[in-house]
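> Sequence first, predicted model second:
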Amino acid sequence: MLEGTNASEIKGENRPGYRAIEEAEEKIYSPFVEFNVTKEEIREIATNLSLSSAGRPSAACLATRIAYGQPITPEALEKIEKAEDYLLYLGFTQFRVRMHSNLARIEVTDKEFEDAFHKKDKISRHLKTLGFDYVTLDLEGFRSGSMDEPI
């Protein structure tokens with residue numbers, strides 16, 4: 001199986017997803033890591049090939065949205081995916097829905113924070129239909145790797 005982790009993504013962070021890839025040994029192949037291809041180089045190649053993905057924001061694995069120690073289940077991943085699909089539908093561009101037990105912690109960029117606050121009732125109502133008991137808006141906003149902060 002091929003997967004798309006790139007050389008920029010494996011440096012200096014706690015990378016449980018990539019650790020799982022390494023543990024699978026020869027069953028999963030990461031060509032961008034093996035050939036030291038960075039995220040910037042991939043974007044440049046995509047731009048040169050006129051691929052629509054060239055300017056798309058980074059999208060980390062859904063498993064990175066689940067708090068450490070909490071089981072990663074198909075149901076949890078589906079709940080997060082549906083919550084993020086809804087935020088995308090509402091027009092948000094850079095965000096994460098982090099799952100802490102049955103609490104959804106939403107991270108949006110500073111420029112979209114006010115919009116999220118204005119849509120709080122709509123967002124909360126929808127995420128509760130997905131099975132979340134609590135829905136919060138993170139005051140620190142969007143940041144990659146925020147699940148690693150307590151570690």
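Everything's here; your move.
> what are the ranges of the helices in this structure?
Taking DSSP state H as the criterion, the chain contains helices spanning 16-23, 31-34, 39-48, 74-89, 110-118, 120-129.
> Name the surrounding residues that touch the fourth one.
Yep, that's helix 74-89 we're talking about. For helix 74-89, contacts defined as C-beta atoms under 8 Å, 6 or more residues apart in numbering pick out 62-63, 65-66, 70, 95-97, 99, 104, 106, 108, 123, 126-127, 130-132. C-beta coordinates here come from the backbone N, C-alpha and C atoms, glycine included.
> cool, the last one as well?
The set of residues that contact helix 120-129 without belonging to it, under C-beta under 8 Å, 6+ apart, is 83, 86, 87, 90, 97, 104, 106, 116, 135, 137.
> got the contact list for the closest residue to the first one other than its chain neighbours?
Of all residues beyond its chain neighbours, the one nearest residue 83 is residue 97 (4.3 Å), with distances taken as C-beta to C-beta, 6 or more residues apart in numbering. Residues touching residue 97, when contacts are defined by C-beta under 8 Å, 6+ apart, comprise 65, 80, 83, 84, 87, 104, 105, 106, 107, 127.
> Just grab the bridge partners of residue 97 for me.
When assigned by DSSP bridges, residue 97 has beta-bridge partners residue 106.
> what about it, distance to residue 43?
Relative to residue 43, residue 97 is positioned 25 Å away (criterion: C-beta to C-beta, to the nearest Å).
> Next: residue 1.
Relative to residue 43, and taking C-beta to C-beta, residue 1 is found at 24 Å.
> Which one's more surrounded, the two?
Set residue 1 next to residue 43 and count neighbours by other C-beta atoms under 10 Å: residue 43 wins out with 16 against 8.
> okay, the closest residue to residue 119 other than its chain neighbours: pLDDT?
Using C-beta to C-beta, 6+ apart and skipping the chain neighbours, the partner closest in space to residue 119 is residue 90 (6.0 Å). Residue 90 is assigned a predicted lDDT (pLDDT) of 98.
> isn't residue 42 right up against residue 35?
No - proximity of residue 42 to residue 35 does not meet the contact threshold set by C-beta atoms under 8 Å, at 11.1 Å.
> Tell me which of the two has more neighbours.
Shown here are residue 42 and residue 35; by other C-beta under 10 Å, residue 42 has more neighbours (18 against 10).
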